[in-house]
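# Attaching a predicted model along with its sequence, questions to come.
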Amino acid sequence: MGYPTKVQRIKREASEQWYINFPAALAHAMEFNKGERVEWIIQDRHTLLLKRPKVTRAESADRRTKKKR
């Protein structure tokens, strides 16, 4: 099942930023945490992959601690 999403652009005098938001259902299914770092990978002009970097044991323990709060 796909989740249609719009690409947004904020243009400022000196810069611009592009945003792609994804639905909460996807964030929950992936068990994302606030502030979690991810990596975008361009596979081709039609495919953009979102990858989680491998997590170290210390980062994993830190995630578990934050979830308990």
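Noted; the coordinates are in hand.
# Now do the residue lying closest to R9 once chain neighbours are set aside against T5, distance only.
Nearest residue to R9 in three dimensions, chain neighbours excluded: W18, at 5.3 Å (C-beta to C-beta, 6 or more residues apart in numbering). For glycine as for every other residue, the C-beta is placed from the backbone atoms N, C-alpha and C. According to C-beta to C-beta, to the nearest Å, W18 and T5 sit 12 Å apart.
# Mind checking which of the two has more residues around it?
When W18 and T5 are compared for neighbours, T5 comes out ahead with 12 against 9, by other C-beta atoms under 10 Å.
# Double-check that the more buried one belongs to a helix.
No. Judged by DSSP: H, G, I helix; E, B strand; the rest coil, T5 forms no part of a helix; its state is coil.
# Neighbours of F32, how many?
Neighbour number of F32 under other C-beta under 10 Å is 14.
# mind checking the SS state of it?
coil.
# Please tell me how far stretch 6-24 is from the chain's geometric centre.
14 Å (C-alpha atoms, centre = their mean, to the nearest Å).
# ok, and what's touching it?
Stretch 6-24 has contacts (C-beta atoms under 8 Å, 6 or more residues apart in numbering) with 3, 5.
# Next, find the distance separating the residue in the chain sticking out farthest from the centre from Y19.
The centre of the chain is farthest from one residue, E13, which by C-alpha atoms, centre = their mean lies 26.5 Å away. To Y19, E13 is 18 Å away according to C-beta to C-beta.
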